[in-house]
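[1] Have a look at this prediction, sequence included:
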Amino acid sequence: MVSKITSKGQVTLPKKVRDKLDVRAGDYLAYEVTGNTVRMRKAQPLDLPWLRAISHTLAPEWDSPHDHENFDDL
C-alpha cells in the first residue's frame, strides 16, 4: 500500500490500515522511527488531570527540567 503526502505533510491512511489498527477520526496514532522505518500503532490520549493528580507520587527523576520542557505542552 502507498499513500501520497500532501503539501501540508498530510497522508490518508488506506482503509485496510485503518481497519487493521481499528482507528477512526479523532483517534490517536503513535509513531516509532528507527532509521528510515516508521512503525505506527493506535495510541490512547493522555489523561492529564489523572497524571497531575498522581504526579506527587512519581519518582523525582520523572520531574526534571528536561521532562517539563518536553511534556508541558501535552
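    Nice, thanks for sending it over. Residues are numbered from 1 along each chain as shown.
[2] going forward, measure contacts between C-alpha atoms and count neighbours the same way
    OK.
[3] Show me the shaky parts of this protein.
    Residue ranges of the chain with pLDDT under 70: 58-63.
[4] Mind telling me what element the residue nearest the centre of the chain is part of?
    Nearest to the mean C-alpha position of the chain, counting by CA atoms, centre = their mean, stands A30 at 3.6 Å. Using DSSP states H and E, A30 sits in strand 28-34.
[5] Provide the strand pairings for that strand, with the direction of each partner.
    The strands beside strand 28-34 in its sheet (DSSP bridges) come out as strand 37-43 (antiparallel).
[6] ok, K8 to D72 distance?
    26 Å (CA to CA, to the nearest Å).
[7] Spatially nearest residue to D22, not counting backbone neighbours?
    Nearest residue to D22 in three dimensions, chain neighbours excluded: K42, at 7.7 Å (CA to CA, 6 or more residues apart in numbering).
[8] Please tell me how far stretch 39-49 is from the chain's geometric centre.
    The chain centre lies 5 Å from the centre of stretch 39-49; the measure is CA atoms, centre = their mean, to the nearest Å.
[9] What segments of this structure are helices?
    Here the chain has its helices, by DSSP state H, at 15-21, 48-54, 65-71.
[10] and those as CSV, adding mean neighbour count?
    Below are those laid out as CSV (neighbours: other CA atoms under 10 Å):
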stretch, mean neighbour count
helix 15-21, 12
helix 48-54, 10
helix 65-71, 9
